[in-house]
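Visitor: Build the 3D model from these lines:
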Amino acid sequence: MYAMRRLVSAVAVLTSVGFPAFADGCARPSSPPTVPDGATATVAQFKTAHPALEAYVHAIDAYRACIALMIKQAPNGTKPDDIKKMQDASAAALDESKTLSDAYLAQVKIFKTTGQGHSMSPSAPH
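Guide: Take a look at the predicted model:
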């Protein structure tokens, strides 16, 4: 019961301070993981980078879902510019996520064709 009162109080405080402040509750992930260089990275570096990349992409997805919820729950009278800013922030996060994923896949391809992954292929001499 106490937890429910705290939740209701928190929501009341957040909505009373205005929508833009309430939308700030969507925490954008920072510090994207580093994509290994496919020409020089080791298998271990790729194995470490992959779950970090996945976690970051999932965090971006959660951030975007939060923004979508804030837009959906926007009070009447919310300025169109505020909605547009949130939509732009969501789109920028999606672009960043796609760019990071594309960079990782490109480096995996390089790794498999020219890096250490190339020397592990069955046709390569050992």
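
Visitor: rest of the way, CA atoms for contacts and neighbours
Guide: OK.

Visitor: By mean pLDDT, flag the weakest helix or strand of this protein.
Guide: With mean pLDDT, DSSP states H and E as the measure, the helix or strand of the chain carrying the lowest mean pLDDT is helix 2-16 (a mean of 36).

Visitor: now the helices for this protein?
Guide: Taking DSSP state H as the test, the helices found in the chain are 2-16, 19-23, 43-72, 80-113, 116-119.

Visitor: any chance of these in JSON lines, with mean neighbour count too?
Guide: Formatted as JSON lines, the helices of the chain follow (neighbours: other C-alpha atoms under 10 Å):
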{"stretch": "helix 2-16", "mean neighbour count": "11"}
{"stretch": "helix 19-23", "mean neighbour count": "17"}
{"stretch": "helix 43-72", "mean neighbour count": "17"}
{"stretch": "helix 80-113", "mean neighbour count": "16"}
{"stretch": "helix 116-119", "mean neighbour count": "17"}
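
Visitor: so can I have JSON lines of those showing distance to residue 32?
Guide: Formatted as JSON lines, those follow (distance: least, C-alpha to C-alpha, whole Å):
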{"stretch": "helix 2-16", "distance to residue 32": "29"}
{"stretch": "helix 19-23", "distance to residue 32": "22"}
{"stretch": "helix 43-72", "distance to residue 32": "7"}
{"stretch": "helix 80-113", "distance to residue 32": "8"}
{"stretch": "helix 116-119", "distance to residue 32": "24"}
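
Visitor: Appreciated, that's everything.
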